[in-house]
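Engineer: Sequence first, predicted model second:
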Amino acid sequence: MEESRVAVIAILVREPDSVERLNGLLHEFGQYIIGRMGVPYPKRGVNIISVAVDAPQEVTSALSGKIGRLEGVSAKTVYAPAEKSADREN
């Protein structure tokens, strides 16, 4: 089984009609989600969402890719630095 990694998916939503599908994807991957925060920014017509996940990189990439394919939505993922193993510290 692939090792789990912590990451943040930054999501920018400009198309309100895609929000329902976005929420559906987040629900589908809910077991991996640590938390999420959304900030509407009406001045620029965008909603800014960050989603913290703890999942295998393959799962995080799949979620980010599906989100990025929604109309009017873009997503980028940032991974936390890899954890140091006990063997490397000695």
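Structural biologist: Cool, the structure landed.
Engineer: Quickly list what Ala55 is bridged to.
Structural biologist: Residues in a beta bridge with Ala55, per DSSP bridges, are Arg5.
Engineer: what's the helix or strand for Gly38?
Structural biologist: Using DSSP states H and E, Gly38 maps to strand 33-41.
Engineer: now the closest residue to Gly68 other than its chain neighbours, what's its secondary structure?
Structural biologist: Closest residue to Gly68 apart from its sequence neighbours, by CB to CB, 6 or more residues apart in numbering: Ala75 at 4.4 Å. Glycine gets a C-beta too; all of them are placed from N, C-alpha and C. Secondary structure, DSSP: H, G, I helix; E, B strand; the rest coil: Ala75 is strand.
Engineer: what comes up buried for the strand holding Gly38?
Structural biologist: For strand 33-41, burial by neighbour count (16 or more other CB atoms under 10 Å) applies to Ile33.
Engineer: quick one: Ser74 and Ala10, what's the gap?
Structural biologist: 9 Å (CB to CB, to the nearest Å).
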